[in-house]
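Asks: generate a structure from the sequence data that follows.
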Amino acid sequence: MREMFVELIQYRGLLGMLAWRDIRVRYKQSVMGVAWAFLMPLIQTVVLWAIFTYGMRGMSENLRNTPQQMPYFLFVLSGMIPWTFLAGAINFSVESLTRNSRLVTKIYFPREVFPLGSVTASLVDFGVGMLVFLPVYIYFLAVGKVSLGSSVLLFPLIVLIQALFVAGLALILSMANLFFRDVKYVTMFVLQLWFFATNVMYPIRFERYPSLQWIPMVNPMIPILDAYRDAWTGQGLHNPVGLAISAAVSVVVFVLGWAMFHKAEFKFAEYV
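Replies: All right, here's what the predicted structure looks like:
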């Protein structure tokens, strides 16, 4: 494992180049360009906020009573941006090997750079999305709807946990799609179901249902999104056990994904 990390560091220039290429290709011939990175989560947030606030008033009262006690608009936006990072990274990385088949077969370099390059490009989009979140957050901070506390220092750690989880999935799915090309279609379907099974637009309270404490092991994104919101409210983590489980699952997924990817790497040329 150490050798793989050292090799990846040696090819960090190539990783950065591929990430930058993915960003350029993603927004090539686009009038709005990189603006879509923050417009899409913002538009989705506005739509969900309008539906649940005005279209479903009875339900909206329960939704606004989130564990973090934050305005519903901020609640959705703070979940939509990390979710967009996950969905974008997986959608672009799942075909990263098949999309670069000529490079895979011609010269040697660590093939991990393809899915990890897609994840890095999506992480840049995540940073752009945060440029939209911060003004909205500052507004609610100014009007006293949320408060700033030391928990905001957890934000880099939460990003790291999610990035490890996403990178592990990217390695596994890109490799699987090389051997079975219908993996990309299954992935698109699963992402749609996963969105509704995650607390992007509604809170999931484990403290009310102790028997569901195992869910973070199956869906680590639930405690991760809660932790993002906790970081911005200044109230501390309300589910530290869930985040610890998500962190452990993220590390396992990343290590397992890298090991599986590296073990199958010698077969890639036969399937591209």
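
Asks: average model confidence for stretch 250-264?
Replies: For stretch 250-264, mean pLDDT is 91.

Asks: check which residues of it are buried.
Replies: Ser250, Val253, Phe254, Gly257, Trp258, Phe261, His262 (16 or more other Cβ atoms under 10 Å). Quick note: C-beta positions are derived from backbone N, CA and C, even for glycine.

Asks: now tabulate those in TSV and tack on distance to Val190 and secondary structure.
Replies: Output for the buried residues of stretch 250-264, formatted as TSV (distance: Cβ to Cβ, whole Å; DSSP: H, G, I helix; E, B strand; the rest coil):
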residue	distance to Val190	secondary structure
Ser250	18	helix
Val253	15	helix
Phe254	19	helix
Gly257	16	helix
Trp258	21	helix
Phe261	19	helix
His262	24	helix
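
Asks: which one of those is nearest Leu178?
Replies: Phe261 (10.0 Å; Cβ to Cβ).

Asks: the closest one is in contact with Asn177, isn't it?
Replies: No - counting by Cβ atoms under 8 Å, Asn177 is not a contact partner of Phe261; they are 12.0 Å apart.

Asks: which stretches of the stretch 51-200 of the chain aren't confidently modelled?
Replies: Residue ranges of the stretch 51-200 of the chain with pLDDT under 70: 51-68, 104-109.

Asks: what residues are up against the closest residue to Gly117 other than its chain neighbours?
Replies: Among residues not flanking Gly117 along the chain, Leu18 sits closest, at 3.4 Å (Cβ to Cβ, 6 or more residues apart in numbering). By Cβ atoms under 8 Å, 6 or more residues apart in numbering, the contact set of Leu18 is Val113, Phe114, Gly117.

Asks: assign the spatially most central residue of the chain to helix, strand or coil.
Replies: Centroid-nearest residue in the chain, with Cα atoms, centre = their mean: Leu86, separated by 2.5 Å. Three-state call for Leu86 (DSSP: H, G, I helix; E, B strand; the rest coil): helix.

Asks: element containing the closest residue to it other than its chain neighbours, please.
Replies: Nearest residue to Leu86, sequence neighbours excluded (Cβ to Cβ, 6+ apart): Val166, at 5.4 Å. Val166 is part of helix 155-179, with elements assigned from DSSP states H and E.

Asks: which of the residues in that helix are buried?
Replies: Quick answer for helix 155-179 (16+ other Cβ under 10 Å): 158-159, 161-178.

Asks: same check, this time on stretch 78-94
Replies: Buried-residue list, stretch 78-94, by 16+ other Cβ under 10 Å: 78-94.

Asks: pretty sure Leu154 is touching Leu237, no?
Replies: Yes - here Leu154 reaches Leu237: they are 7.3 Å apart, a contact under Cβ under 8 Å.
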